[in-house]
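**Q** When you get a sec, could you give me coordinates for this:
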Amino acid sequence: MLFLLPAGFIFLTIIFLSLPVFAETLPLEELIEKIQSSYDKADDFKAGFVQETTIRSIRKVEREIGTVYFKKPRKMYWDYSRPKAKKLILNPQKAWLYLPEDNLVYVQDADKMMNSRLVIRFLTGVGRLKDDFVVRFAKPREKNARGDYLLELTPRSAGSTAGIKRLSLTVDKDSHQIVACSLRDTYGNLTRITFQNITLNNKIPDSLFTFSPPPGTIVQTVP
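**A** Model (predicted):
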């Protein structure tokens, strides 16, 4: 059983799509340092998200919407609201995936998830982008129509991809925050997450990152 993540906030309007990009491209090393710096300065992160998963075998696209919270160190909470409620919560000790419609919660040791998912390590303040990934500009385009940077990442550590074949990031040209993330797995399925209305340093309470199953909930432990 894998906890799907989602690891990224941009509205591309018709006007932006029609404009050429004139801004100078930062050198890759400088861009990586600016991305890292933007996260080093933030104690926590909150954003709305849209997650679209394309299942290749049945040519189906699933779209989910919710709110995500990250807090250093090692805390996150994905609160899915549509089309079905779902919660994915992680703190330094435990990870929970709660499916209220099924009256079911999966529980996993947090270290096992953190060690196998480098994107989570970075977003929750544990990993470093340059140390954990080989980062390069995407081909054939280094930027999208708005001027945001397009990057492709390859994990340096074998076995840490959890079935991910390719990881792509969109980085805001001004704030240098990750505003979109695309994951393609070994089966050809594609998951794209876009972040909206990002806010930093919200003083999110630690209590948000723990979970007590409602009475009668079936609890299954993931090895």
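**Q** What segments of the chain are strands?
**A** For the chain, the strands defined by DSSP state E occupy 44-55, 60-71, 75-82, 86-90, 94-99, 104-109, 133-137, 149-155, 164-171, 178-185, 190-200, 218-222.
**Q** of all the ones you listed, which lies closest to Leu26?
**A** Nearest to Leu26, of all these, is strand 149-155, at 7.7 Å by CB to CB. All C-beta spots, glycine's among them, are computed from the backbone N, C-alpha and C.
**Q** how close does Asp132 get to Val68?
**A** 20 Å (CB to CB, to the nearest Å).
**Q** Compare those two (neighbour count), which wins?
**A** Val68 (24 against 18; other CB atoms under 10 Å).
**Q** and that one, what are its bridge partners?
**A** With DSSP bridges applied, Val68 shows beta-bridge pairing to Ala47, Trp78.
**Q** check contacts around it.
**A** 6, 45-49, 76-79, 195 (CB atoms under 8 Å, 6 or more residues apart in numbering).
**Q** One more: Val50?
**A** Contacts of Val50 were listed using CB under 8 Å, 6+ apart, and they are 63-65, 193-194, 196.
**Q** Can you tell me which of those residues lies closest to Lys143?
**A** Using CB to CB, the contacts of Val50 come closest to Lys143 at Thr194, 16.4 Å.
**Q** Determine the number of other residues adjacent to that closest one.
**A** 20.
**Q** is the closest residue to it other than its chain neighbours in a bridge, and if so with what?
**A** Spatial nearest neighbour of Thr194, excluding adjacent residues (CB to CB, 6 or more residues apart in numbering): Ala180 at 4.5 Å. Listed beta-bridge partners, Ala180: Thr170, Thr194 (assigned using DSSP bridges).
**Q** Cross-check the contact I'm expecting between Ala180 and Arg192.
**A** Yes - Ala180 lies in contact with Arg192 (CB atoms under 8 Å); the separation is 6.8 Å.
**Q** Just the pLDDT at Ala23, thanks.
**A** pLDDT for Ala23: 51.
**Q** in the longest helix along the chain, what's buried?
**A** In the chain, with assignment by DSSP state H, the single longest helix is helix 28-40. Neighbour counts over helix 28-40 (16 or more other CB atoms under 10 Å) mark 31-33, 35-36, 38-39 as buried.
**Q** ok, back up a step: out of the contacts of Val50, which end up buried?
**A** Buried by 16+ other CB under 10 Å: 64, 193-194, out of these.
**Q** just those: which has the poorest pLDDT?
**A** Confidence by pLDDT is poorest for Ile193 among the buried ones among the contacts of Val50, given 92.
**Q** For Asp109, see how far away it is.
**A** Applying CB to CB to Ile193 and Asp109 gives a distance of 24 Å.
**Q** cool, Asn202 as well?
**A** Asn202 is 28 Å from Asp109, where distance means CB to CB.
**Q** Likewise for Glu101?
**A** Glu101 is 25 Å from Asp109, by CB to CB.
**Q** More neighbours: which of those two?
**A** Between Glu101 and Asp109, counted using other CB under 10 Å, Asp109 has the larger neighbour count: 14 against 8.
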